[in-house]
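# sharing a sequence plus its predicted fold:
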Amino acid sequence: MNSLWGLVLESRLGPALNFTALSSFLPHYEVKLFKIINDIVFFQEKAIKYYDSKADMDYVSSNFLCIFFCCSLLDLHYTPVILNELNWTQALEKVFIENSREDPSLLWQAFGSATGVTRYYPATPWRTPDKIDLYDVRRRPWYITGASSPKDMVILVDVSGSVSGLTLKLIKASVTEMLDTLSDDDYVNVASFSEKAEAVIPCFKHLVQANVRNKKIFKKAVQEMQAKGTTDYKSGFHFAFNQLLNTNVPRANCNKIIMLFTDGGEDRAQDIFEQYNWPNKTVRVFTFSVGQHNYDVTPLQWIACANKGYYFEIRSICAIRINTQEYLDVLGRPMVLAGNEAKQVQWTNVYQDALGLGLVVTGTMPVFNLTSDGNSQNQLILGVMGIDIHLDEIKKLTPRYNLGANGYVFAIDPNGYLLLHPNLQTKVCYDFTVLLNMKTLDRGFISTFLQRYIDEAIRTYTWTPINDTDYGLYVMPGCCFMFYREYCKRLFIAENNTQFLEDFISFMVNLTPDSAECDLGLIHNLLLDSGIIWQLATSVWKNKDLNTYGFLSLFAATDSGVTRVYPKMSGGWIMAESWDEDPEPFNSNYYRRSLDNKGYVFSVPLRTFYTECSSVEQIQGEGEDRQASAINTSIAIVTVFVIVILVIVFAFQDLLCYLIDDGGFLVMSNQKDHWKKVGIFFGDVDPYLMYALYNNSIFARRQTFLYQSTCEPATSSHTGAAPRGIVVPSIADLLRLAWWTSAAAW
């Protein structure tokens, strides 16, 4: 499976290699204003006919490419830049189309230029947000990953008294934009200085990962900075170099950068650079003169040039975005000069696609200007090529049915973020009526109890790196042997079972032993299971009087995906249609619980009049026991319980008799007023008795956190009221606490 994943990821690299090989040697024109505007053909967007791509993308057109300009280019001054980009990238259109013909499964192919121009294929209408569209390809995760190497960055903010007012506001906005240029592969810290320097977050003693959570904390702290005191550059640079030279903490260990935001000053701090950075100059220093002032900026220019950096001016809010991202061009120069050795494919973390594709990972490769004109200053990065892979495409390669009902596969990136996991929630949907009821509730203390079964079985994880990537693949095998479900390559799920069986039989009629369309071994397993449970229903179940045992129906589910229910109707109910369980055995609650429990397992579907009892049949083979199928019965709750406790009820009128499953849910009761509470957690039915069972170690309590919640925790009250009896603790940053109670958890 590792090699299969690597093969799919590697197959996406071909288009990127074709693209970068061609674009690196294309001629680049320095056009003059309006010189060749007539040579460019523009199409009206409304005239383009789109079609449904059937590939999770909206309507697209394979006959056209789309071009997007970021808002910073919508200025007359940038017209020659736009025309130049349109001309030299026009030759790449054939590459996009040819790549799509060679591999029809390709999704978006995109090229982001260092000037902010984006070309993507196939064409699709741009998704315009409700607010101002500030999309800039140079700030997208895939562009940042491909355009530069990981960075260790310290941002120094001058908060002396001279920067008060508008200048301080511009500095705060600039630092916020600078943080947005960092990815999860980067490490950062932010410090303010006047007479002395200190971190804006006191608990961040060293560089921290530039993930979403940490950047949000930094942004909040930056907005609370206040200007006072006098400027001392030496204190700021001393703090920054100590941060960057600390090798005892996690960091990127690649580019080392200091970003200085100030209004200006006379001190050049030369002795600090001689102590820490010269003569090797391993740390680049970028300086930003912020605000409209008359201070001498020569020292700032000297600091940047003397330390392999660059000097920028931010006079107004309009200059913030463009000037806080141009440092990436400087960091890309060593990659260009290194040539093909530095041209490596980088895979991004999971992120949300801007064109509505959903969660994707992108393979990126930088595009260099390798034209030789004798001037090394022209050896710059031209942009980044990106090829998207949807997570569903990767999920299809996972051996879902080989691992058993309780086995699964998950993958993580080098930063510990999940690519795949069965419990990963990609989207939270709310019912409108439920949301309306939630809004009408009084604001107060609310705790949510989610009742779930806890599986305490011991799992063994196996992991391996995915070839040619930084990802890691982890496999958690199930407890039994299972078979794969893809019987035939062109056999798809139909709208109903009849149509599916007709399609399946048509495949069988034309199937030959040497056919590559279907896997005969898997088909034999399917036919064998179907024959066995058919004999079970016709020869055994049919001869039994189900009413004698209080059974409503019997059903058997097998690892091949076949489930048989007998009889078809019971008590006026069509059992197959009134079934609450998932028709896929691997996704059903009773099947997965039966695999991890010995003996019988009872489950009570909510809002039903019956309970299910299931057990696993094992087949003894050479060397191991294989669990073949789950045999289940639907039992009438009232009927069976009356039979079981009829004598007890008459002998002891005041005796309370309950049947509780392993999860603490009520299965049966001899109290008539409790019959409507069947399937409810017993702690809600009789809390005092449940507490006694807990104290006697019959049930255990487990508490877990729902880290994927999208709601922010409510602010804690500072009133003098007495503490409540039950307190739900809060967790930081967008994580809402939820208690999971179950089997073993109450």
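Arrived safely.

# for the stretch 51-200 of the chain, which segments count as strands?
Using DSSP state E, counting those that start in this stretch, the strands of the stretch 51-200 of the chain run over 51-52, 59-60, 66-69, 109-113, 117-121, 151-158, 187-193, 197-199.

# likewise the stretch 201-350 of the chain?
Under DSSP E, counting those that start in this stretch, the stretch 201-350 of the chain gives strands at 208-209, 255-262, 283-290, 311-314, 346-347.

# tell me the mean pLDDT over the first one?
Same thing as strand 208-209. Over the span of strand 208-209, the pLDDT mean works out to 94.

# what's in contact with that strand?
184, 186-189, 214, 250, 415 (CB atoms under 8 Å, 6 or more residues apart in numbering). Every residue, glycine included, has its C-beta placed from N, CA and C.

# in stretch 339-352, which residues are buried?
343, 345-351 (16 or more other CB atoms under 10 Å).

# one more: stretch 214-229?
For stretch 214-229, by 16+ other CB under 10 Å, it's 214-215, 217-219, 221-222, 225, 227.

# what's in contact with it?
With CB under 8 Å, 6+ apart, stretch 214-229 has contacts from 157, 159-164, 168, 172, 175-176, 179-180, 182, 188, 190, 192, 194-195, 200-201, 204, 208, 733.

# out of the residues you listed, which are inside helices?
168, 172, 175-176, 179 (DSSP state H).

# which of those residues are buried? Put it as a ChimeraX command.
Filtering these down to the buried ones (16+ other CB under 10 Å) takes a single ChimeraX command:
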select :168,172,175,176,179
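
# need the ones in helices among the contacts of stretch 214-229 in TSV (columns: distance to C71 and pLDDT).
TSV is the format used below for the ones in helices among the contacts of stretch 214-229 (distance: CB to CB, whole Å; pLDDT from 0 to 100):
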residue	distance to C71	pLDDT
L168	25	93
K172	21	95
V175	21	96
T176	18	95
L179	20	95
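
# now tabulate the ones in helices among the contacts of stretch 214-229 in TSV and tack on distance to T548.
Shown next, in TSV, are the ones in helices among the contacts of stretch 214-229 (distance: CB to CB, whole Å):
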residue	distance to T548
L168	85
K172	79
V175	78
T176	74
L179	72
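
# re earlier: give me the buried subset of the contacts of strand 208-209.
184, 186-189, 214.

# which parts of stretch 668-676 are buried?
668-670, 674.

# and that stretch, what's its mean pLDDT?
77.

# got the CA positions of that stretch in CSV?
Only the C-alpha atoms of stretch 668-676 are listed here, as CSV (Å, rounded to 0.1, in the frame of the first residue of the first chain):
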residue,chain,number,x,y,z
MET,A,668,-35.2,-4.3,29.4
SER,A,669,-37.1,-3.4,32.6
ASN,A,670,-40.0,-4.9,34.6
GLN,A,671,-41.3,-1.4,35.3
LYS,A,672,-43.9,-0.5,32.8
ASP,A,673,-43.1,3.2,33.0
HIS,A,674,-39.5,2.4,32.0
TRP,A,675,-40.5,0.7,28.7
LYS,A,676,-40.4,4.0,26.9
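
# quick one on the thing from earlier: just flag the most distant two among the contacts of strand 208-209.
Pairwise distances among the contacts of strand 208-209 were taken by CB to CB; the largest, 17.6 Å, belongs to N189 and N415.

# quick revisit: okay, the strands of the stretch 201-350 of the chain, which one's buried deepest?
strand 283-290 (a mean of 25; mean count of other CB atoms under 10 Å).

# may I have that strand as CSV, with CA atoms only?
Output of strand 283-290 as CSV, limited to C-alpha atoms (Å, rounded to 0.1, in the frame of the first residue of the first chain):
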residue,chain,number,x,y,z
VAL,A,283,21.2,35.4,9.4
ARG,A,284,19.4,37.6,7.0
VAL,A,285,18.1,41.0,8.3
PHE,A,286,15.2,42.7,6.5
THR,A,287,14.3,46.2,7.6
PHE,A,288,11.0,48.0,7.2
SER,A,289,10.6,51.7,7.5
VAL,A,290,7.0,52.3,8.5
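
# by contact count, what packs against that strand?
helix 166-179, strand 255-262, helix 298-306, strand 311-314, helix 327-338 (3 or more CB pairs under 8 Å, 6 or more residues apart in numbering; DSSP states H and E).

# domains of the protein?
Residue ranges for the domains of the chain, per automatic domain parsing: 2-136+334-392, 146-324, 497-695.

# so I201 touches V188, yeah?
No. Taking contacts as CB atoms under 8 Å, I201 lies outside contact range of V188: 10.9 Å.

# just checking, what packs against the helix or strand harbouring G531?
Assigned by DSSP states H and E, G531 falls within helix 520-535. The contact analysis (3+ CB pairs under 8 Å, 6+ apart) places helix 520-535 against strand 551-558.
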